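Q: Predicted coordinates and the sequence they were generated for:
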Amino acid sequence: QVQLVESGGGLVQAGGSLRLSCAASGRSFSNYNMGWFRQAPGKEREFVAAILWLGGSTYYASSVKGRFTISRDNAKNTFYLQMNSLKPEDTAVYYCAAVTKQWGTWTNALNVWGQGTLVTVSS
């Protein structure tokens, strides 16, 4: 059974940093593109970042580009999101997922979501 477990969220002041982790189990994700999404209160879930399994190219939403960095450790089957210069508008539950790009939109490739990890940025 495929499982994704996010961790590392918390309360941080604006301008601070957090590092989120996503521990995958049930299969190797080394051959999957992986990504992060987030859902703010009252809003739809949105794409944040993705990293390709082949070559390691990265992609970011314009709202986080230059502040967030996605990375992966295939040996540990773990994926990360380093978040710097956090803003109150980054407050959301963050989810990791295997991703694919369809019609220009990043989507969940396996339809498997973890429980998410809450990031709260105070002003």
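A: Received it, and whenever you're ready, just let me know what you need. These numbers come from a predicted model, not from an experiment. Numbers count the residues shown, from 1 in each chain.
Q: okay, now the closest residue to residue 112 other than its chain neighbours: neighbour count?
A: Distances taken as C-beta to C-beta, 6 or more residues apart in numbering place residue 2 nearest to residue 112, at 5.1 Å, with adjacent residues excluded. Where C-beta positions appear, they are placed from N, C-alpha and C, glycine not excepted. Residue 2: 12 surrounding residues under other C-beta atoms under 10 Å.
Q: Model confidence score at residue 30, please.
A: pLDDT, residue 30: 89.
Q: quick one: contacts for the residue most central in space within the chain?
A: The residue lying closest to the centre of the chain (C-alpha atoms, centre = their mean) is residue 36, at 2.2 Å. Shown in contact with residue 36 (C-beta atoms under 8 Å, 6 or more residues apart in numbering): 20, 22, 48, 49, 50, 70, 79, 81, 94, 95, 96, 97.
Q: Could you do residue 68 as well?
A: Here residue 68 is in contact with 48, 49, 60, 81, 82, 83, 84 (C-beta under 8 Å, 6+ apart).
Q: Put the alpha carbons of the helix or strand hosting residue 119 into PDB.
A: Using DSSP states H and E, residue 119 sits in strand 117-122. C-alpha atoms of strand 117-122 as PDB (Å, rounded to 0.1, in the frame of the first residue of the first chain):
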ATOM      1  CA  THR A 117       1.300  19.200   7.300                       C
ATOM      2  CA  LEU A 118       0.100  22.600   8.400                       C
ATOM      3  CA  VAL A 119       2.200  25.600   7.900                       C
ATOM      4  CA  THR A 120       1.100  28.800   9.600                       C
ATOM      5  CA  VAL A 121       3.000  32.000   9.000                       C
ATOM      6  CA  SER A 122       2.300  34.900  11.300                       C
END
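Q: Okay, now the sheet partners of it, with direction.
A: Sheet pairing of strand 117-122 (DSSP bridges) gives strand 10-13 (parallel), strand 92-102 (antiparallel).
Q: Would you format those as CSV with mean pLDDT included?
A: Formatted as CSV, these follow (pLDDT from 0 to 100):
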stretch, mean pLDDT
strand 10-13, 98
strand 92-102, 96
